[in-house]
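# From the sequence below, what's the structure:
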Amino acid sequence: MQTTFDKVGVAMLLAAACSDSPNPAGTADGEGTGESMSTTAPAEETGPGTSTGAVTNSGSNSMSDSSPDTTAADSSDDGSGIKLDVAALPDVPEQPCVMNGGGNGGPAWSYLWASNAGQGTISKIDTETVTEVGRFITRPDGVGDPSRTSVSQSGHVAVANRSGGVTKIYADVSFCQDTNGTPGIQTSNSNAYLAWGEEECVAWHTPFNYESQRPVAWAQGTLNEATCTFVDERLWTAGRIGNQFDVLLLDGDTGAVIDSVSIAGLQNDFFGLYGGAVDGDGNFWASTLGSGNRLVRVDADTMDYEVWNTPVGPHWYGMTVDDQNQVWICSEQAGRFDYATETFMTASVGGYTGCMAERGDDGLLWMSTSGGGIIGVNRETLAVDASWPVPGSYGMSIDFYGYVWTVENGNAAHRVDPLTGAVTSYNGLTGAYTYSDMTGYALTNAGGGIPSG
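Model prediction:
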């Protein structure tokens, strides 16, 4: 018996080998809503549930090790996947530890983090069971208007508040600190959230006085094999106040600003820098929205920056960096930027806002469509190779099972089997609005994989 795994990181491979799990390839205001899940192939949205309130819990949020009911063949296998024999592991070097978190510790810890912009919270969705297993306020006053989320290699999430401020939340209760005076760890494990200060899985909050703060993207850390942890993780964000456009690099452990640079020559279109992602070397890429379309690159070591005009025509919304270090900007068109030649290749594909790329030579760029569906774009030819109807789509992501996710500009998140189009929906979000690396998949794959130090 032999199982083939797509290489999504050394630790992910080891955990998968141990479990032998399949590896498939505007906001609205509202109160906290209940969980609702439906599975279709495909079908219409069933609507949000109804319940409110907060819960106090002590103990960890345990995840099942079983695989999803709907499995997809690995559509992103480039032929270089490591083949792991059940009886022995001759093709994998001996590792001192297996990581936990962000998919790098295996499918038992794979979450999608969706911002409930209208509620000032962020939801933690188990990608295996498609259920909400936590909800957290993202700013002390509760009115941060959160948007972009990013998951580190350690598995923890950072969220940028469009009204200013960045918050890190621990993905697992074992990291949380007992600080609120009540014995044990109090944290949400459902769609109900705790008050700021009562919730103990908020790692840190760094306030910023920006009029618009949208991008947030973790840079790669260094794997300390002695402790089985990633160290020196850093976080990129960007904000605008007046005509000042800042890019900041934060300490991932404390939230303190390590360095910053102001980008000159950008046009004030209210939003400032709009989309953000990192490449395989941890450099920051950002795009603007509106008539002053620009693409920006900030060097992780020197903070030097470069600016390019993007192709005219569309408002570029989503952006991502793939496993070949190609930068993508997305709208109705798909745009691929070649840094070596400083040229763009674009095609009108019927997209809309968010996008994310599968790894592998034949991995597709998945994009939302204005009609609520999703499309898979060939990254070489920019032809549309796949198209599936979905009840709603806006932000795009991919989980560590290989499923494609879309988060509506509304109340639902949908998991899509990229091979069959089967949809499993969670309908309990509140004014959701997220398109960014909300699972950590893009960071893991940027530039070809995880640098381990």
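
# Okay, now the unreliable bits of the stretch 151-300 of the chain?
By pLDDT under 70, the low-scoring segments of the stretch 151-300 of the chain are 291.

# which stretches of it form strands?
For the stretch 151-300 of the chain, strands defined by DSSP state E, counting those that start in this stretch occupy the ranges 157-161, 166-169, 202-206, 216-218, 222-224, 229-231, 234-241, 244-251, 257-262, 273-278, 284-288, 294-298.

# of all those, which lies closest to G371?
Of all those, it is strand 273-278 that lies closest to G371, at 21.8 Å by C-beta to C-beta. C-beta: built from backbone N, CA, C; applies to glycine.

# May I have the strands that pair with the closest one, each with its orientation?
Applying DSSP bridges, strand 273-278 is found paired with strand 284-288 (antiparallel).

# Put the alpha carbons of the partner strand into PDB.
What follows is the C-alpha trace of strand 284-288 in PDB, where atoms were taken according to Å, rounded to 0.1, in the frame of the first residue of the first chain:
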ATOM      1  CA  PHE A 284       6.000  42.300   1.100                       C
ATOM      2  CA  TRP A 285       3.900  42.900  -1.900                       C
ATOM      3  CA  ALA A 286       0.900  45.300  -1.900                       C
ATOM      4  CA  SER A 287      -1.500  46.700  -4.400                       C
ATOM      5  CA  THR A 288      -3.700  49.700  -4.500                       C
END
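
# Need the residues that contact that strand.
Around strand 284-288, the neighbours that count as contacts under C-beta atoms under 8 Å, 6 or more residues apart in numbering are 215, 217, 219, 236, 238, 247, 249, 266-267, 269, 271-279, 293-298, 300, 310, 316, 319, 321, 327, 329.

# can I get the strands of the stretch 151-300 of the chain in JSON lines with distance to R139?
Compiled in JSON lines, these are given as follows (distance: least, C-beta to C-beta, whole Å):
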{"stretch": "strand 157-161", "distance to R139": "5"}
{"stretch": "strand 166-169", "distance to R139": "7"}
{"stretch": "strand 202-206", "distance to R139": "7"}
{"stretch": "strand 216-218", "distance to R139": "13"}
{"stretch": "strand 222-224", "distance to R139": "30"}
{"stretch": "strand 229-231", "distance to R139": "26"}
{"stretch": "strand 234-241", "distance to R139": "14"}
{"stretch": "strand 244-251", "distance to R139": "16"}
{"stretch": "strand 257-262", "distance to R139": "17"}
{"stretch": "strand 273-278", "distance to R139": "19"}
{"stretch": "strand 284-288", "distance to R139": "22"}
{"stretch": "strand 294-298", "distance to R139": "25"}
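
# what's G318 in contact with, if anything?
With C-beta under 8 Å, 6+ apart as the criterion, the residues that contact G318 are 275, 328-331, 353-356, 367-368, 395-396, 435.

# quick one on the thing from earlier: can you say which of the contacts of strand 284-288 are buried?
Restricting the contacts of strand 284-288 to buried positions leaves 215, 217, 219, 236, 238, 247, 249, 266, 269, 271-279, 293-298, 300, 310, 316, 319, 321, 327, 329, with burial counted as 16 or more other C-beta atoms under 10 Å.

# Now do the contacts for Q333.
311, 313-314, 346-349, 351.

# At which residues are the strands of the stretch 301-450 of the chain located?
Under the criterion DSSP E, counting those that start in this stretch, the stretch 301-450 of the chain contains strands at 305-309, 318-321, 327-330, 333-338, 343-348, 355-357, 364-368, 374-378, 384-388, 395-398, 404-407, 413-416, 423-426.

# Any chance of a markdown table for those, columns distance to Y210?
Formatted as a markdown table, the entries for those read as follows, by distance: least, C-beta to C-beta, whole Å:
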| stretch | distance to Y210 |
| --- | --- |
| strand 305-309 | 18 |
| strand 318-321 | 19 |
| strand 327-330 | 22 |
| strand 333-338 | 26 |
| strand 343-348 | 29 |
| strand 355-357 | 25 |
| strand 364-368 | 26 |
| strand 374-378 | 32 |
| strand 384-388 | 37 |
| strand 395-398 | 21 |
| strand 404-407 | 23 |
| strand 413-416 | 27 |
| strand 423-426 | 31 |
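
# Filter the contacts of G318 down to the buried ones, PyMOL style.
Selection of buried members from the contacts of G318 for PyMOL, criterion 16+ other C-beta under 10 Å:
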select buried, resi 275+328+329+330+331+353+354+355+356+367+368+395+396+435
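
# which one of the contacts of G318 sits closest to S260?
Looking across these and measuring by C-beta to C-beta, the closest to S260 is G275, at 18.9 Å.

# Now the closest one. Nearest residue, chain neighbours left out?
Of all residues beyond its chain neighbours, the one nearest G275 is M319 (3.7 Å), with distances taken as C-beta to C-beta, 6 or more residues apart in numbering.

# cool, L364 as well?
The spatially closest residue to L364, leaving aside those adjacent along the chain, is G376, at 3.5 Å (C-beta to C-beta, 6+ apart).

# what's near enough to touch the one you found?
When the contact criterion is C-beta under 8 Å, 6+ apart, the partners of G376 are 364-367, 384-387, 404, 418.

# Go again with 6 Å.
G376 is in contact with 364, 366, 385-386, counting by C-beta atoms under 6 Å, 6 or more residues apart in numbering.

# How about L249?
So L249 contacts 234, 236, 258-259 (C-beta under 6 Å, 6+ apart).

# who wins for neighbours among the residues you listed?
W236 (26 neighbours; other C-beta atoms under 10 Å).

# correct me, but that one touches A217?
Yes. Taking C-beta atoms under 6 Å as the definition, W236 is a contact partner of A217 at 4.7 Å.

# List the buried residues in stretch 181-189.
Of the residues in stretch 181-189, 185-189 count as buried by neighbour count, 16+ other C-beta under 10 Å.
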